[in-house]
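Peer 1: build me a model:
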Amino acid sequence: MKPVQKSRRSLLSLAAGISLALCFSAHAESTAPSALSMKRLTPDIAVSGQISQESLAQLKARGFATVIDLRPDGEASGQPASSDMASAARANNLQFYYVPVPPSGIPEQAVKQLADALKDAPKPVLMYCRSGSRAARTWSLAEASRPDGMEADAIKAAVREAGQSAEDLNPSIMQRITQRKAASAQKP
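Peer 2: Just a heads-up that it's a prediction; the model follows:
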């Protein structure tokens, strides 16, 4: 083989290797949990997919004060346990709440726990689950239940702007808003 051909093959192999490494790197970045992919529901509340313990320092640096984990422990392999996330949050001077919501549906207890956490939590707050969907959907029900909460159209618009959907929850959102208005009207 001529030296020029050998050199060309070496360069092509090197270029292919670099391209492959870049592809794997891009894939790893796109699948790695990131607090930077969060979406705002309100000026004080954001949602995201699964975050890592390392993301908590970034959240603190961005001014967040509270993290709420809505993902049940053991939902997927490689998922950080809520106890580990709580320890890492404390190490970064962040409040941490664990409000597990299963993928199968939103339990009423979780809506109440989230409402209580949001009422007490220092702001701003980041809520996370696997994709951000359960966090946004559970928030929509908690917000509809809040005595001075947003109206239904504003709740659904906030969820939509965060890249999620709560349209199927509309009957429950409307029922909660009706109940809160009735309770408010009964107060002297």
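
Peer 1: only C-alpha atoms for contact and neighbour calcs from this point on.
Peer 2: OK.

Peer 1: beyond the lowest-mean-pLDDT helix or strand in the chain, next helix or strand please.
Peer 2: In the chain, the helix or strand scored least confidently by mean pLDDT, DSSP states H and E is helix 3-31, which has a mean of 45. Toward the C-terminal end, the helix or strand that comes next after helix 3-31 (DSSP states H and E) is strand 39-42.

Peer 1: name the residues of that next one that are buried.
Peer 2: 39, 40, 41 (16 or more other C-alpha atoms under 10 Å).

Peer 1: average pLDDT for that strand?
Peer 2: Strand 39-42 carries an average pLDDT of 98.

Peer 1: how about stretch 87-100?
Peer 2: Mean predicted lDDT for stretch 87-100 stands at 99.

Peer 1: give me the neighbour count for residue 184.
Peer 2: By other C-alpha atoms under 10 Å, the residues close to residue 184 number 12.

Peer 1: isn't it up against residue 146?
Peer 2: No: if you go by C-alpha atoms under 8 Å, residue 184 and residue 146 don't touch, sitting 10.8 Å apart.

Peer 1: ok, and the closest non-adjacent residue to residue 184?
Peer 2: Nearest residue to residue 184, sequence neighbours excluded (C-alpha to C-alpha, 6 or more residues apart in numbering): residue 147, at 7.3 Å.

Peer 1: how many neighbours does the one you found have?
Peer 2: 14.

Peer 1: for residue 129, phi and psi?
Peer 2: Residue 129 has phi and psi values of phi -140, psi -150 when expressed as degrees, to the nearest 10.

Peer 1: per-residue confidence for the residue nearest to residue 184?
Peer 2: For residue 147, pLDDT reads 95.

Peer 1: same question for residue 187.
Peer 2: 79.

Peer 1: any chance of the buried residues of strand 39-42 in JSON lines, with distance to residue 89 too?
Peer 2: Converted to JSON lines, these look like this (distance: C-alpha to C-alpha, whole Å):
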{"residue": "39", "distance to residue 89": "20"}
{"residue": "40", "distance to residue 89": "20"}
{"residue": "41", "distance to residue 89": "22"}
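
Peer 1: closest one to residue 133 out of the residues you listed, please.
Peer 2: residue 39 (10.8 Å; C-alpha to C-alpha).

Peer 1: who touches the closest one in this structure?
Peer 2: Shown in contact with residue 39 (C-alpha atoms under 8 Å, 6 or more residues apart in numbering): 46, 47, 48, 161, 162, 163.
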